[in-house]
Structures are given as C-alpha cells and as structure tokens.
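**Q** no letters, just coordinates:
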C-alpha cells in the first residue's frame, strides 16, 4: 500500500516514499527553487532600497 497525498485532484507520492535516486533529484530541485526565491527577494529588496529615496522625496 502506497501513501498518496492529493492536492487539486492529483495523487502525489510523498518525498519520504521516493526511491533514493528520485529523492536526490527532488531535494536538488527543491534547493534550486529556494536559491531562486532568495535571489528574487534580494533583487526586490535592492530595487526597493534604490527607489525608496526617490519615492519619499519632498515635493
């Protein structure tokens, strides 16, 4: 018996049930996504700080 989780009607095998090779692939993809999100947040913060003085300048 396999444990599946259903999200939006799609059965998904949980990570702890994946075979070793597939689990490594899943972990690497998850890590790559975290790095991408961190880079995006860093870019947004940098853009916000660069634009902040311009936005709050007295008119």
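**A** Happy to help now that I have it. Only a predicted model underlies this, so the values are computations on that prediction, with no experimental measurement involved.

**Q** doesn't residue 11 lie inside a strand?
**A** Yes. Counting by DSSP: H, G, I helix; E, B strand; the rest coil, residue 11 falls inside a strand.

**Q** now it: how far from residue 19?
**A** As judged by Cβ to Cβ, to the nearest Å, residue 11 and residue 19 stand 17 Å apart. In this view, the C-beta of every residue, glycine as well, is placed from N, C-alpha and C.

**Q** likewise residue 37?
**A** 27 Å.

**Q** equivalent analysis for residue 44, please.
**A** Distance, residue 44 to residue 19, using Cβ to Cβ: 37 Å.

**Q** so where do the strands sit in this protein?
**A** Along the chain, counting by DSSP state E, strands occupy 4-7, 10-13.

**Q** quick one: mean pLDDT over the first one.
**A** Averaged over strand 4-7, pLDDT sits at 56.

**Q** shaky segments in this structure?
**A** For the chain, the stretches flagged by pLDDT under 70 are 1-9, 54-59.

**Q** any idea how far residue 51 is from residue 32?
**A** 29 Å.

**Q** ditto for residue 25
**A** Distance from residue 25 to residue 51, by Cβ to Cβ: 39 Å.

**Q** kindly report the same for residue 41.
**A** As judged by Cβ to Cβ, residue 41 and residue 51 stand 16 Å apart.

**Q** swap in residue 19?
**A** 48 Å.

**Q** quick one: residue 46 and residue 53, what's the gap?
**A** Using Cβ to Cβ, residue 46 is found at 13 Å from residue 53.

**Q** what's stretch 26-46 in contact with?
**A** 15, 18 (Cβ atoms under 8 Å, 6 or more residues apart in numbering).

**Q** go again using 6 Å as the cut-off
**A** The contact list for stretch 26-46 (Cβ atoms under 6 Å, 6 or more residues apart in numbering) reads residue 15.

**Q** can you give me how far that stretch is from the chain middle?
**A** 6 Å (Cα atoms, centre = their mean, to the nearest Å).

**Q** okay, buried residues for it please.
**A** Within stretch 26-46, no residue counts as buried by 16 or more other Cβ atoms under 10 Å.

**Q** next one: residue 29 from residue 18, what distance?
**A** According to Cβ to Cβ, residue 29 stands 12 Å off from residue 18.

**Q** fine, thanks again, bye for now.
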